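K.L.:
take a look and give me a structure for this.
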Amino acid sequence: MQEAVIKVQHVSKVYNLYTSQKDRLKEIWSLRHKSYHEDHFALRDINLDVYKGECVGIIGTNGSGKSTLLKIITGVLEASEGNVEKTGKISALLELGAGFNMEYTGRKNIYLNGLMMGYTNQEMDGKVQHIIDFAEIGDYIDQPVKTYSSGMFARLAFAVAINVDPDILIVDEALSVGDIFFQAKCYKKFNEFQKQGKTILFVSHDLGSVLKYCDRCLLINQGDQIACGNTAEVVNIYRRLLVETAHEQDKKVDDDIRQMNEHNAQKMGIASVIEDTGKQKDQLVLNPNVSSYGNGKAEIIDFAIIDESGLVTNSVPKNTQFRIMMKVKFHEDIREPIFAYTIKDLKGQDITGTNSYLENNQITAVQKDSIYEISFKQNMLLQGGQYLLSLGCTGYEGEKFVVHHRLYDVCNLHVLSEKNTIGVVDLNVSVLIKQKG
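P.N.:
Below you'll find the model as predicted:
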């Protein structure tokens, strides 16, 4: 039978929200105990058992209550309702600088954090050098931490948290501060922890890391527990939730615009009609600074990234089939238009791409006011990470290459991966090892 080292049972956290300081004072001094506040549930009825040796992920949008839950588990905050049971020594990295005295040197802060975890100075003497070696900040270890860069601070904080021999390690998005080599070092330590039968509670927006390292996952949205279970299944629910949230936000903006226009129309004594565009691109996270240019003879009026389940999304799991779709409206008659897409890395380097000409799928001519939908279907072989998508409709006028419309870096493409190999693409290599002697 599995041993639960953390039990979160019906935990809620409620904050009192006042419209003004005056209302707060009126409630304090009210003889009839009249309430002048509104209840805000940061968490509502959260239940989670974490078993020994597991790495459990907690995901959700900003403000969903993830950090609040971790603070309740570690004892930094007290739950309004419910209770938390813990077994074993916990080391937590909740936020950069928590538990550090900015005036102390790095070395003194190591001892300070050890003391807060219940270690004596003598016990910490045997751990200090290992922590210093892990942090790799050199002579800065004897300088006040207020002089550290954010990267150095993150290194030391993580080195302390991960090298004090805890039974349970709790990490809240702290890895995003260190460089890629330090992150790899920490993840290696994660694996060592799990092999030793220790437990990790991991909060991150990096869904690729959550998929790779977490045995199970908890999804929280606006304080409510949405799902808890198999990591891949919960991540898929989260991806759909992100799409729905973005759609609701866009709808709210559209509703606000519609109400404003209708109000203005009523003032002017005219009717106002706003058409619902129903464009798939509205379900994506778009680049607000997209570069859009061309000669205006054609216009990309809609586009989408569509995963193998038919979901319009910015996130595509590696080794799955997906489509890049765009709709083009032609404002003039054009001969032999070329439809194209390009995927680049965050440094601007072209990674891959193609067009209808290279794929030998051309149309000879299009007429003014016609609309064409183009779909590029392929397998996702890129390594996990963030990329940028560009779309274009181009062609030739005589010998001259022309751009009818191009959307440059129109949106991001997040490739989710549990395993990354060397380089840009993963060739899905099968390894066979046989002993011959």
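K.L.:
give me the phi and psi for the most centrally placed residue in the chain.
P.N.:
In the chain, the C-alpha nearest the mean C-alpha coordinate belongs to residue 205, at 2.9 Å (CA atoms, centre = their mean). Torsion angles at residue 205 (phi, psi; degrees, to the nearest 10) stand at phi -90, psi -10.
K.L.:
i'd like the first residue to be 18 from this point on
P.N.:
Got it, the first residue is 18 from now on, which makes the last one we talked about residue 222.
K.L.:
now the lengthiest strand in the chain: how far from the chain's centre is it?
P.N.:
If you go by DSSP state E, the chain has its longest strand at strand 417-433. Mean-position distance between strand 417-433 and its chain equals 23 Å (CA atoms, centre = their mean, to the nearest Å).
K.L.:
can you check the pLDDT for the closest residue to residue 123 other than its chain neighbours?
P.N.:
Setting aside the residues directly before and after it, residue 123 is nearest to residue 158 in space (CB to CB, 6 or more residues apart in numbering), at 4.3 Å. No exception for glycine: its C-beta is placed from N, CA and C like everyone else's. Residue 158 is assigned a predicted lDDT (pLDDT) of 93.
K.L.:
run through this protein and note the low-pLDDT ranges.
P.N.:
Confidence mapping of the chain against pLDDT under 70 gives the ranges 18, 44, 53-54, 112-115, 190-198, 200-201, 262-295.
K.L.:
name the nearest residue to residue 310, ignoring sequence neighbours.
P.N.:
In this structure, residue 310 finds its nearest non-sequential neighbour in residue 423, 5.8 Å apart by CB to CB, 6+ apart.
K.L.:
sorry, that was for residue 372
P.N.:
Nearest residue to residue 372 in three dimensions, chain neighbours excluded: residue 357, at 3.5 Å (CB to CB, 6+ apart).
K.L.:
mind listing what the one you found touches?
P.N.:
Residues near residue 357 by CB atoms under 8 Å, 6 or more residues apart in numbering: 370, 371, 372, 373, 408, 409, 410, 411.
K.L.:
tell me the buried residues in the helix or strand hosting it?
P.N.:
Assigned by DSSP states H and E, residue 357 falls within strand 355-361. Using 16 or more other CB atoms under 10 Å as the test for burial, strand 355-361 gives 355, 356, 357, 358, 359, 360, 361.
K.L.:
out of the residues you listed, which one sits closest to residue 400?
P.N.:
Proximity of the buried residues of strand 355-361 to residue 400 (CB to CB) peaks at residue 360, which lies at 11.9 Å.
K.L.:
so what's the closest one bridging to?
P.N.:
residue 369, residue 406 (DSSP bridges).
K.L.:
correct me if wrong: residue 145 contacts residue 129.
P.N.:
No - using CB atoms under 8 Å, residue 145 makes no contact with residue 129, being 11.8 Å away.
K.L.:
okay, now the domains of this protein?
P.N.:
Domain segmentation of the chain under automatic domain parsing yields 21-256, 297-433.
K.L.:
of all those, which lies closest to residue 453?
P.N.:
Shortest distance between residue 453 and the domains of the chain, using CB to CB, is found for domain 21-256: 29.4 Å.
K.L.:
how long is that closest one from one end to the other?
P.N.:
Taking CA to CA, to the nearest Å, the first and last residues of domain 21-256 lie 29 Å apart.
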